[in-house]
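Asker: Got a sequence here, can you model it:
(one chain, ligands or ions: 1)
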Amino acid sequence: MDQAARVPGTSPNARTETGFKLDIEPFHIACDGVLPMHRPGICFHPDCSRPFNPTRDWQKYCSAACRQKDDAELRRVGMMAAPAMLTYRMTRNRRSDPVAVDTANAARRYTDQLISDWVKNRAERVQAAEEARQCA
Ligand SMILES: [Zn+2]
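Answerer: Model (predicted):
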């Protein structure tokens, strides 16, 4: 199965079911597995963030449950971002059309705000999880 073309969180046959196809590798492969917010040996699910012993060097989560919860969050954020990303890309070069310029700017502001709020939220959840573990 061509993993790069799969829609995350869908069945392996999603590409043929929907016609969706992207010939781009997943980001974790494109960036050689370096995710700035991920600390090796610390669960990447922000509500968990507990230390664990990875059995493989690419393992980011302490359990399947944490991976599934974080996958669900990634899907939700992706669904929020996708319309703005498409809108921005479809309008950003139409500089002679003032409506398109306003739309492109609104789409860019939306994605910037979404990213900022999400990163801040994750950092706060990591800190809360670590503080809760220290109190336990
Ligand atoms: Zn975990």
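
Asker: Can you name the residues of the protein that neighbour the ion?
Answerer: 43, 45, 48, 62, 66 (CB under 5 Å from the ion). C-betas here are computed from N, CA, C, even on glycine.

Asker: same thing but at 8 Å, please
Answerer: 43, 44, 45, 48, 49, 50, 52, 61, 62, 63, 65, 66 (CB under 8 Å from the ion).

Asker: Show the low-confidence segments of this protein, by residue range.
Answerer: 1-17, 33 (pLDDT under 70).

Asker: quick one: the helices in it?
Answerer: 14-18, 27-30, 64-91, 98-135 (DSSP state H).

Asker: Output the residues of the chain next to the ion as JSON lines; include the columns neighbour count.
Answerer: Output for those, formatted as JSON lines (neighbours: other CB atoms under 10 Å):
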{"residue": "43", "neighbour count": "24"}
{"residue": "44", "neighbour count": "20"}
{"residue": "45", "neighbour count": "24"}
{"residue": "48", "neighbour count": "20"}
{"residue": "49", "neighbour count": "21"}
{"residue": "50", "neighbour count": "14"}
{"residue": "52", "neighbour count": "14"}
{"residue": "61", "neighbour count": "19"}
{"residue": "62", "neighbour count": "20"}
{"residue": "63", "neighbour count": "13"}
{"residue": "65", "neighbour count": "11"}
{"residue": "66", "neighbour count": "20"}
